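>>> pasted the sequence and its predicted model underneath.
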Amino acid sequence: MRLILLGPPGAGKGTQAQRLVEKHGIPQLSTGDMLRAAVAAQTPVGVKAKAVMDAGELVSDAIVNAIVAERIDQPDCANGFILDGYPRTLPQADAVGAMLDERGLSLNTVIELVVDDKALVGRILKRAEQAKAAGQAVRKDDNAEVFDERLREYYKKTAPLIGYYYAKGLLQTVDGMAEMDKVTASIAALLAKAGAKM
Ligand code: ADP
């Protein structure tokens, strides 16, 4: 099963992706996590990406496409994967389509988590507070100012993917404002309906 989780920052993609990992035993491919790992390891990609990420803007398509192309060839992706935070632009969507075509693979579905913008900044600030309370590092982009820019980037560059995948007949939507377990149940129902391999 290969699927994309789509939605603005703070929509709950990461949480739901984790639950799908546990249930289906396929990996979560979060470009945000991969980029943060590159930043922490100070790889050439990480050094380039850091300032862009800290400002809430998007890293170049070329960089993220290359990261994903390499990742999906790893053995743990053989039975599928969950793309979380990727693709995030129309060129990325075309790129992942081409990557899959080349490998004789396809996407089962794209699930959009629909949320109310006004709730998002609160969720992000809560995540920052929780990280701090747990003694973990707080993401540099998890604050109200940078969040505004992340949301603008989402509407400008990522929201067009909703129409893109709708036109391909792949889009399904879930109410991301429901409580977490309900969202999980809705996604499970959609996957069962899509006949995705469980
Ligand atoms: P969020 O929690 O806002 O959904 P992520 O953890 O997915 O954020 O990503 C954090 C940052 O990493 C983004 O703001 C962006 O700078 C960069 N990033 C992650 N994925 C991509 C992508 N597919 N294309 C471009 N930039 C990306």
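Perfect, thanks for sending it. Residues are numbered from 1 along each chain as shown.

>>> low-confidence stretches in the chain?
In the predicted model of the chain, residues 195-198 satisfy pLDDT under 70.

>>> go with 90
Applying pLDDT under 90 to the predicted model, the residue ranges of the chain that meet it are 117-118, 139, 192-198.

>>> which residue sits closest to the single nearest residue of it relative to the ligand, ignoring its sequence neighbours?
Residue nearest to the ligand within the chain: residue 32 (2.1 Å; Cβ to the nearest ligand atom). All C-beta spots, glycine's among them, are computed from the backbone N, C-alpha and C. If the residues on either side of it in the chain are set aside, residue 32 comes closest to residue 85, at 4.6 Å by Cβ to Cβ, 6 or more residues apart in numbering.

>>> also residue 137?
With Cβ to Cβ, 6+ apart as the criterion, residue 137 has its nearest non-adjacent residue at 6.9 Å, and that residue is residue 131.

>>> does that neighbour touch residue 140 like I think?
No: between residue 131 and residue 140 there is no contact, the gap being 11.5 Å when judged by Cβ atoms under 8 Å.

>>> what is the neighbour count of residue 66?
In terms of burial, residue 66 registers 13 neighbours under the definition other Cβ atoms under 10 Å.

>>> from the chain's centroid, how far away is the host helix or strand of it?
Following DSSP states H and E, one finds residue 66 within helix 61-71. Computed by Cα atoms, centre = their mean, to the nearest Å, the separation of helix 61-71 from the middle of its chain amounts to 14 Å.

>>> contacts for that helix, please.
Contacts to helix 61-71, defined as Cβ atoms under 8 Å, 6 or more residues apart in numbering, come from residues 29, 31, 34-35, 38, 45, 48-49, 77, 83, 86, 88-89, 91-92, 95-96, 99.

>>> cheers, nothing more for now.
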